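Colleague: Give me the fold of what follows.
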Amino acid sequence: MVTRLRKNERGVALLAVLLGIALMTLVVVDFAMTSGLGFVEAANQANELRASYLARSAIGVGLGLLAVDAEHSSRVNALERSLRSRNRLLEEPRPDPHWLDAVEHETAELAVAVAGLRVETMRRLEAVLAGRTKSAFPAAEIALDGWIEKLVPGHPAIEIEERYRAVLRDNRARDAAAGRTLDGPHLTDLKVIYAAKGITAADASTGEQKALLIGLVLAHARLIAEMTGLAPVLLLDEVVAHLDPARRVALYEELLQLGTQVWMTGADPALFAEVGTGAAVIEVASGQLAPKQRTTGSASH
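Modeller: Model (predicted):
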């Protein structure tokens, strides 16, 4: 079943897929599993995935970054190309030091620019989170754990660039052996703290992680709306699963207050009963979409 919250006024909406993309590193992580994995090892990996569910990969703020600077995406792509160029040079038996100097000079400039924009976006997102004092979803504290990002607020960009160039130059042999660059903003993570308990999101329960994530998604959507004047379209898959009725009502109310279009999916129509007549319901069956009539306070199958 697919539920879509209606919005009467027209406008251009930004598409924000916020539940599946990696926040802040903008690096694709490849997961490989061999056919010989045993059940115990698979269970361990599942536990690790749950622990990092929120802290590493559940929060997407890419559009928030683009709202601060429309050139951010091209700058990130340029940084990735520069890092690949450096890695290819390091694969050579005797890499040209002059070429390496030139590539690392560019890499450092791009790295600090990317890190600086991340810091600014986090500052703005923190302000939105601080204003969510009456939300049914728990407050979160966020921070970037990269050393470059930590230097940005108190040091000139040129100084940070020189430090990073020195790191790249001093670790050429290490990076050559590893086949990749082992230091830089491409490895930065977003740290999320469950403020009420003072614990990291990775140490919170699955239910607490989901509540934290929903709060961050709502804050991120509001940030985009404030910065661009355009409310983003939200795509929320199984977002109400495992939420109690009170929190489901609170979620629907906050989504309506955003004044945006929201698509929610779920397998149990009863979970959307609290939406009432404020949403259109579409049933997906045998590859076909069929609109369903609803009555206030009930969900149709």
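Colleague: Mind telling me what element residue 192 is part of?
Modeller: Using DSSP states H and E, residue 192 sits in strand 190-194.
Colleague: In terms of secondary structure, what does that strand contact?
Modeller: strand 140-144, strand 199-200, helix 206-228 (3 or more C-beta pairs under 8 Å, 6 or more residues apart in numbering; DSSP states H and E). In short, each C-beta sits where N, CA and C put it, glycine included.
Colleague: The same query, at a cut-off of 6 Å, please.
Modeller: strand 140-144 (3 or more C-beta pairs under 6 Å, 6 or more residues apart in numbering; DSSP states H and E).
Colleague: helix or strand right after the strand it packs on?
Modeller: Defined by DSSP H and E, the subsequent element after strand 140-144 is helix 147-151.
Colleague: buried ones in that next one?
Modeller: By 16 or more other C-beta atoms under 10 Å, the buried positions in helix 147-151 come out as 147-151.
Colleague: nearest to residue 107, of those residues?
Modeller: Using C-beta to C-beta, residue 148 comes nearest to residue 107 of those, at 11.7 Å.
Colleague: where's the closest one relative to residue 245, distance?
Modeller: Per C-beta to C-beta, to the nearest Å, residue 148 is found 45 Å from residue 245.
Colleague: surely residue 79 meets residue 108?
Modeller: No - counting by C-beta atoms under 6 Å, residue 79 does not reach residue 108; the two are 9.9 Å apart.
Colleague: Look through this structure and tell me its longest strand.
Modeller: If you go by DSSP state E, the chain has its longest strand at strand 279-285.
Colleague: Can you list the strands that that strand pairs with?
Modeller: strand 2-5 (antiparallel), strand 288-292 (antiparallel) (DSSP bridges).
Colleague: Straight-line length of stretch 177-196, end to end?
Modeller: Using C-alpha to C-alpha, to the nearest Å, the end-to-end distance of stretch 177-196 comes out at 44 Å.
Colleague: and it, which residues are buried?
Modeller: Across stretch 177-196, burial judged by 16+ other C-beta under 10 Å covers 181, 183-186, 188-194.
Colleague: do you know how far the residue of the chain most remote from its centre is from residue 103?
Modeller: Distance to the chain centre peaks in the chain at residue 94, reaching 39.4 Å (criterion: C-alpha atoms, centre = their mean). Separation of residue 94 from residue 103 (C-beta to C-beta) stands at 16 Å.
Colleague: and if you look at residue 255?
Modeller: According to C-beta to C-beta, residue 255 stands 46 Å off from residue 103.
Colleague: give me the low-pLDDT residue ranges for the chain?
Modeller: 1-70, 276-277, 294-301 (pLDDT under 70).
Colleague: Please enumerate the helices of it.
Modeller: 39-51, 62-68, 72-91, 97-130, 147-151, 157-170, 172-178, 206-228, 245-258 (DSSP state H).
Colleague: Output the ones you listed as JSON lines; include the columns distance to residue 292.
Modeller: Below are the helices of the chain laid out as JSON lines (distance: least, C-beta to C-beta, whole Å):
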{"stretch": "helix 39-51", "distance to residue 292": "34"}
{"stretch": "helix 62-68", "distance to residue 292": "31"}
{"stretch": "helix 72-91", "distance to residue 292": "39"}
{"stretch": "helix 97-130", "distance to residue 292": "35"}
{"stretch": "helix 147-151", "distance to residue 292": "47"}
{"stretch": "helix 157-170", "distance to residue 292": "55"}
{"stretch": "helix 172-178", "distance to residue 292": "54"}
{"stretch": "helix 206-228", "distance to residue 292": "25"}
{"stretch": "helix 245-258", "distance to residue 292": "18"}
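Colleague: out of these, which comes closest to residue 279?
Modeller: Judged by C-beta to C-beta, the one of the helices of the chain that comes nearest to residue 279 is helix 245-258, at 8.2 Å.
Colleague: Report all helices and strands that that closest one contacts.
Modeller: Here helix 245-258 touches no other helix or strand, going by 3+ C-beta pairs under 6 Å, 6+ apart.
Colleague: next one: it to chain centre, how far?
Modeller: 21 Å (C-alpha atoms, centre = their mean, to the nearest Å).
Colleague: got it, and stretch 278-297?
Modeller: Chain-centre distance of stretch 278-297: 30 Å, with C-alpha atoms, centre = their mean.
Colleague: Take it, keep the C-alpha atoms, and write them as PDB.
Modeller: C-alpha atoms of stretch 278-297 as PDB (Å, rounded to 0.1, in the frame of the first residue of the first chain):
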ATOM      1  CA  GLY A 278      -5.900  13.500   4.800                       C
ATOM      2  CA  ALA A 279      -4.300  11.100   2.400                       C
ATOM      3  CA  ALA A 280      -4.900   9.200  -0.700                       C
ATOM      4  CA  VAL A 281      -4.400   5.500  -0.600                       C
ATOM      5  CA  ILE A 282      -3.100   3.400  -3.500                       C
ATOM      6  CA  GLU A 283      -3.000  -0.400  -3.300                       C
ATOM      7  CA  VAL A 284      -0.300  -2.200  -5.100                       C
ATOM      8  CA  ALA A 285      -1.300  -5.800  -6.200                       C
ATOM      9  CA  SER A 286       0.000  -8.000  -8.900                       C
ATOM     10  CA  GLY A 287       1.900  -5.100 -10.500                       C
ATOM     11  CA  GLN A 288      -1.200  -2.900 -10.600                       C
ATOM     12  CA  LEU A 289      -2.000   0.400  -8.800                       C
ATOM     13  CA  ALA A 290      -5.500   0.900  -7.600                       C
ATOM     14  CA  PRO A 291      -6.800   3.900  -5.700                       C
ATOM     15  CA  LYS A 292      -8.800   3.000  -2.600                       C
ATOM     16  CA  GLN A 293     -11.600   4.900  -0.900                       C
ATOM     17  CA  ARG A 294     -11.000   5.800   2.800                       C
ATOM     18  CA  THR A 295     -13.200   6.800   5.600                       C
ATOM     19  CA  THR A 296     -12.100   9.000   8.500                       C
ATOM     20  CA  GLY A 297     -10.000   7.000  11.000                       C
END
